[in-house]
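Engineer: Could you look at this predicted model? Sequence included:
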Number of protein chains: 2
Amino acid sequence: MYEQFEAYITSQATLTQDELRMIRSLASTRRVRKRHFLLREGEICQHKIFVAKGLLRSYHVREDGSEHIMRFSPENTWTTEHDSLFSQIPSRIHIEALEDSEVVLFTRESLEKIHFAIPEFKAYIDRFLTSTLSQTYERIMMNLSYSSEEKYQDFITTFPDVFNRVPLHMVASYLGVSRETLSRIRHAQAQKE
Amino acid sequence: MYEQFEAYITSQATLTQDELRMIRSLASTRRVRKRHFLLREGEICQHKIFVAKGLLRSYHVREDGSEHIMRFSPENTWTTEHDSLFSQIPSRIHIEALEDSEVVLFTRESLEKIHFAIPEFKAYIDRFLTSTLSQTYERIMMNLSYSSEEKYQDFITTFPDVFNRVPLHMVASYLGVSRETLSRIRHAQAQKE
DNA sequence: CGATTCTTTGAAAACAGTCAATCTGTGTGG
DNA sequence: CCACACAGATTGACTGTTTTCAAAGAATCG
């Protein structure tokens, strides 16, 4: 499963064999079965996670029990709880596998070593952070100004791969509408066509 | 007005006199009067903007004319349109002064030079980016799971300074509710107390 | 003061959430 | 192989919230 990560990272940054070796020596790997957790609310997040295979979700549970999905993480994406990882405070989100998954893990210390030793890697992470921030603003814009129907359409076209792999009630949770409302939106759209 | 920026940056990063001189030589400053724009939709964003004095808003206008405020930028904050600045694509947002303001501007090239020459500055920017990302996720979580009333309360306590300086209809636009709804929320809360 | 901007209010309509029931497909154990 | 449990999706009836439209009160500024 580590090969998947190495293939990905070499496609994103130009790294020497030595550098790749160093990164490999600081990474660990793990299989997570469907419905199992990589992080639970209240725990201190220990790793930045690269998804080599499978699909994860990060979600928050409110006091009333309602779940809100912050993010889906399919293959070749990173995920973590930044606040918890960098400030060592208890996580407020859960990270759960929605499919049997394989992940590559880096501790904060490992990442710091890598960033320090390999500017190319750091530059990639910077690019990645910037584009993540853009996408995040995109989502805020969507939340502010789109109708539920538009949000749903946008999700389908922006994340067709995720859409086909998760139950609809999770799409609803990601969009911030009830599953019944999403169901009715789908019904209304099917009528139109 | 540049002094304000220098005071701020030296409080955030340990810089030598030489480094400060370099930064100063690459910055430019500008006064913007209330209701004037630093960036308009369709233009290519040329600068990263530090607000030394005053208050800016970044907002998006939909085809139907509705305005959605992405961010308020008071003193000692940065703002820009990342996508436009780094990819040289037309901006989809406007950046407007809500008060007479003074800003310090850096072009992308200047920033790159500074990042390259002054690791301390780069480290500060990295910390800043990370914390911005966290806040942004915070806002998404709020959008997904809070009621309008909770969003309003959260805004008041998180940004009391901004709250006291902007008209309520802009708070409504930031929160994603109509100004009438916000007005009614306020009325209901005044009743309670 | 007069004009503009901002805020509030009322009434109707649109929209979304909740609760409860039903339907569908999948997979497991007897 | 069937029966059953289970997770997911849909539907109906009802309730509650939010938007929209129109109008009227404050507040602010030149």
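Structural biologist: Alright, I've got the coordinates. Residues are numbered from 1 along each chain as shown, chains lettered A, B, ... in the order given.
Engineer: Please count neighbours and contacts with C-alpha atoms only from this point.
Structural biologist: Fine.
Engineer: What residues of stretch A:156-168 count as buried?
Structural biologist: A:162-163 (16 or more other Cα atoms under 10 Å in any protein chain shown).
Engineer: Stretch A:65-73 now?
Structural biologist: A:67-70, A:72-73.
Engineer: That stretch close to chain B?
Structural biologist: Yes. Stretch A:65-73 lies within reach of chain B by Cα under 8 Å from any Cα of the partner chain, at A:68, A:70.
Engineer: I'd like to know the average pLDDT value across that stretch.
Structural biologist: When pLDDT is averaged over stretch A:65-73, the result is 95.
Engineer: May I have that stretch exported as CSV, CA atoms only?
Structural biologist: Written as CSV, here are the backbone C-alpha positions of stretch A:65-73 (Å, rounded to 0.1, in the frame of the first residue of the first chain):
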residue,chain,number,x,y,z
GLY,A,65,-26.8,13.5,18.4
SER,A,66,-26.9,15.0,14.9
GLU,A,67,-23.9,14.1,12.7
HIS,A,68,-22.3,16.6,10.3
ILE,A,69,-19.8,15.4,7.7
MET,A,70,-17.0,17.8,7.3
ARG,A,71,-15.1,15.9,4.6
PHE,A,72,-14.9,12.8,2.5
SER,A,73,-11.4,11.5,1.8
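Engineer: Quick one: residues in contact with it.
Structural biologist: Stretch A:65-73 has contacts (Cα atoms under 8 Å, 6 or more residues apart in numbering or on different chains) with A:51, A:55-61, A:79, A:162, A:170, A:173-174, A:176, B:137, B:140-141, B:144-145.
Engineer: Just give me the residue right at the centre of chain A.
Structural biologist: Geometric centre of chain A, nearest residue: A:Ser73, 3.2 Å, by Cα atoms, centre = their mean.
Engineer: Before we go further, that residue is sitting in a strand, right?
Structural biologist: Yes. Looking at A:Ser73 with DSSP: H, G, I helix; E, B strand; the rest coil, it is inside a strand.
Engineer: for it, which residues make a bridge with it?
Structural biologist: For A:Ser73, the beta-bridge partners are A:Leu56 (DSSP bridges).
Engineer: Roughly how far does it sit from A:Leu111?
Structural biologist: 20 Å (Cα to Cα, to the nearest Å).
Engineer: is A:Phe50 in a bridge, and if so with what?
Structural biologist: Bridge pairing for A:Phe50 - DSSP bridges - gives A:Trp78, A:Val104.
Engineer: Let me know the pLDDT of it.
Structural biologist: On the pLDDT scale, A:Phe50 gets 98.
Engineer: Can you tell me how far it is from A:Leu38?
Structural biologist: In this view, A:Phe50 and A:Leu38 are 12 Å apart by Cα to Cα.
Engineer: So what angle separates the directions of the longest helix seen in chain A and helix B:119-145?
Structural biologist: For chain A, the longest helix by residue count, based on DSSP state H, is helix A:119-145. Angle, helix A:119-145 to helix B:119-145, by axes from the mean of the first three to the mean of the last three Cα atoms, to 10 degrees: 30 degrees.
Engineer: so does helix A:119-145 get close to DNA strand D?
Structural biologist: No. Using Cα under 7 Å from any atom of the strand, helix A:119-145 stays clear of DNA strand D, coming no nearer than 8.8 Å.
Engineer: That helix packs against which elements?
Structural biologist: helix A:108-117, strand B:67-74, helix B:82-87, helix B:119-145 (3 or more Cα pairs under 8 Å, 6 or more residues apart in numbering or on different chains; DSSP states H and E).
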